[in-house]
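> no FASTA, just this:
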């Protein structure tokens with residue numbers, strides 16, 4: 001786009017996104033954020049229960065209660081962080097929602113550490129990439145948090161990619 005008062009000067013403002021694409025992306029982002037918030041409490045509790053079982057330990061009532069509270073904290077804090085990230089413009093998202101969910105491993109980790117559960121064996125690459133995830137709880141995919149997150153995560157990712165590629169095409173970069 002050229003400025004009328006400066007012949008030959010390119011307008012740095014990108015053309016707006018297709019309104020239908022923008023609306024679809026917002027809807028998919030909201031659906032993913034809603035699903036993440038719904039799934040986080042159960043994911044935290046399942047992570048605690050699974051690691052205790054692997055350690056051959058029962059789940060004491062106090063630990064179950066701590067896991068429940070941690071799950072609610074994860075929903076409130078990590079869920080809100082995912083929602084805020086997805087509400088940002090696609091070119092202004094410094095990370096992805098799955099990275100935020102990997103960081104949410106701190107919630108079940110805190111419960112397990114307080115219960116005295118020893119860390120799990122991890123390979124060198126995992127230790128280097130995720131040094132704080134001593135119980136190997138960080139999800140590799142949305143499905144690892146809950147199977148119901150797979151589809152909204154996939155659809156949101158495709159919608160985001162579509163918007164980004166359309167922008168790059170308008171910019172002459174693709």
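Noted; the coordinates are in hand. None of these values were measured; they are calculated from a predicted model. Numbering: from 1, shown residues only.
> look at residue 20 and report its pLDDT.
On pLDDT, residue 20 comes in at 89.
> so what's it up against?
Under the criterion of CB atoms under 8 Å, 6 or more residues apart in numbering, residue 20 has no contact partners. For the C-beta atoms, the positions are set from N, CA and C on the backbone; glycine is no exception.
> and the next helix or strand past the host helix or strand of it?
Assigned by DSSP states H and E, residue 20 belongs to helix 19-54. Once the chain leaves helix 19-54, the next helix or strand it forms, by DSSP H and E, is helix 61-87.
> now do the following helix or strand past that following helix: distance to the chain's middle.
Using DSSP H and E, the next helix or strand after helix 61-87 towards the C-terminus is helix 97-103. Here helix 97-103 shows a centroid-to-chain-centroid distance of 4 Å under the convention CA atoms, centre = their mean, to the nearest Å.
> same check on stretch 85-92?
A distance of 13 Å separates the centroid of the chain from that of stretch 85-92, by CA atoms, centre = their mean.
> for stretch 40-49, same thing?
16 Å.
> quick check: buried residues in the helix holding residue 20?
By neighbour count on 16 or more other CB atoms under 10 Å, the buried set for helix 19-54 is 24-25, 28-29, 31-33, 35-37, 39-41, 43-49, 51-52.
> spatially central residue for the protein, please.
Nearest residue to the geometric centre of the chain (CA atoms, centre = their mean): residue 97, 2.4 Å.
> so it sits against residue 149, correct?
No - with contacts counted by CB atoms under 8 Å, residue 97 stays clear of residue 149, the gap being 9.4 Å.
> which neighbours do the two share?
Joint contacts of residue 97 and residue 149 (CB under 8 Å, 6+ apart) are 32, 36.
> can you give me the distance of the closest residue to residue 97 other than its chain neighbours to residue 43?
Excluding its sequence neighbours, the residue lying closest to residue 97 (CB to CB, 6 or more residues apart in numbering) is residue 82, at 4.7 Å. For residue 82, the distance to residue 43 (CB to CB, to the nearest Å) stands at 13 Å.
> contacting residues around residue 85?
Counting by CB under 8 Å, 6+ apart, residue 85 touches 93, 95-97, 100.
> and residue 73, how far from residue 137?
15 Å.
> between those two, point out the one with more neighbours.
residue 137 (24 against 18; other CB atoms under 10 Å).
> let me see the backbone angles for that one.
phi -100, psi -20 (degrees, to the nearest 10).
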